[in-house]
Structures are given as structure tokens and as C-alpha cells.
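> Sequence first, then the predicted structure:
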Amino acid sequence: MIPKSNELPETKIIACPYCQGNFPVSIHCISITCRYCNRHVNVNEILYPREEKHTISIGKKGVICFQCGKEIFADKNAQAVTCIHCYCRNDLSDHKVRSLLGKIFQTHGSLYLKKKGVIETSTLHVGNAFIEGKINGDLNAMGTVKILKRGEVYGKITCRRLFVEKGGIFFGSVQMLN
């Protein structure tokens, strides 16, 4: 039996992914050097491309990395996750705080500032915040900020929803997220 083209039954013509030059290769070949650009070509990947695995996101939640700003996924019960892009550790747990001085505080969980609690810091990044104490500084929340009775916030608040109960004090500016 004579083949109808220049191609032998055990060969395929592939295109180099770098220079787009066409050349025949054996179907059993794993890798080869391109005869046009002399670069290494993974023949196995070209002949038998892998299908993208679609991960099921059941029980997963997406968060934005504090360091690089890219979305990462974590188990819904996880307490922390490391970003796969910049390897920064992102806290996912809730925190009940009585006092915090001069520290940048970051968590994707909720912040509960207790009665008579005081936070003196430049920036807070949280998922949600429930304030019964006093905050001097900027508060960035991805969700809700609730200033409860006797709660006080002095500074800039960035959030999706803001509630100030009767008796709560807020002095500063607000930026609402979409």
C-alpha cells in the first residue's frame, strides 16, 4: 500500500511553536530540536495536547490576595491560604480584638472589636468589621462594616455596606465598593 502524501504512516507533520516551521516527526518521538530555529520542541505536547482540568469549586471560596491583588481559592473551612502567584500568606480567620497598636492588620475573615477595645493603626484590611470599641485609622472591608452602640471610628472607611447604630460614632470619609 502506497501512502497518498509525503507523510509516512508512522510520522506526522508538526509546526514549531516558536518559528512556525513545518517538519515531519515520528509519532513515537517525545522531543526534538527544530531544524529551522534550533530550539527544543516538545513533540509529545503538540501531538497529544493535555486537556485543561476544570477544578470543581464546591466548598471553595475565592479571595483577593493582599500582596498581588490576584484571585486565589481556598477551602471554605481554611484558616489561611498561601497565594499561588506571589507566595504571600493570607489570613482567612475571624479575630476578636481588644487592642492593637501600630500594626497593619489583614484578614479576609471578620474583625470583632470588643467593648472598650482600641485600635490605633494606619490601615486595617478585613472581610467584615463589627465595631464596639474605638478605631483610629483607615478601615478597608470587602463586605460590611457595622459600628455598634458605643463604637467609634475616626478615619476613612472603604466597604460595600456601612451600618451605624444609634449611639455609634463615625468621623471621616467613606468610599463604597460595588
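Thanks, I have the structure now. Numbering: from 1, shown residues only.

> which residue packs closest to the residue minimising distance to the centre of the chain, ignoring adjacent ones?
Among the residues of the chain, the one closest to the centroid is residue 71, at 2.4 Å (Cα atoms, centre = their mean). Leaving aside its sequence neighbours, residue 71 sits nearest to residue 62 (Cβ to Cβ, 6 or more residues apart in numbering; 5.2 Å). (Each C-beta comes from the backbone N, C-alpha and C, glycine too.)

> what separates residue 172 from residue 135, distance-wise?
10 Å (Cβ to Cβ, to the nearest Å).

> For those two, work out which one has more neighbours and name it.
residue 135 (28 against 14; other Cβ atoms under 10 Å).

> quick one on the thing from earlier: tell me how far the residue nearest to the centre of the chain lies from residue 61.
10 Å.

> Give me the longest strand you can find in this protein.
Counting residues, the longest strand found in the chain (DSSP state E) is strand 110-126.

> who does it pair up with?
Take DSSP bridges as the rule and strand 110-126 pairs in its sheet with strand 95-101 (parallel), strand 105-106 (parallel), strand 128-131 (parallel), strand 134-141 (parallel).

> Let me see the contact set for residue 99.
117, 118, 119 (Cβ atoms under 8 Å, 6 or more residues apart in numbering).

> give me that answer again for 10 Å
113, 114, 116, 117, 118, 119, 120, 133, 134 (Cβ atoms under 10 Å, 6 or more residues apart in numbering).

> low pLDDT regions in the protein?
1-9, 51-58 (pLDDT under 70).

> in this structure, which spans are helices?
43-47 (DSSP state H).

> that older thread, which of the contacts of residue 99 has the most neighbours?
Neighbour max across the contacts of residue 99 (other Cβ under 10 Å) = residue 113, 28 neighbours.

> Okay, that residue and residue 134: tell me how far apart.
8 Å.

> between these two, what contacts are shared?
99, 119, 151, 152, 153.

> so can I have JSON lines of the residues you listed showing distance to residue 82?
Putting these into JSON lines (distance: Cβ to Cβ, whole Å) gives the following:
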{"residue": "99", "distance to residue 82": "28"}
{"residue": "119", "distance to residue 82": "26"}
{"residue": "151", "distance to residue 82": "33"}
{"residue": "152", "distance to residue 82": "35"}
{"residue": "153", "distance to residue 82": "31"}
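
> any idea which of these is closest to residue 105?
residue 119 (7.6 Å; Cβ to Cβ).

> Looks like residue 161 contacts residue 146 (just checking).
Yes. When contacts are counted by Cβ atoms under 10 Å, residue 161 is listed as touching residue 146 (8.3 Å).
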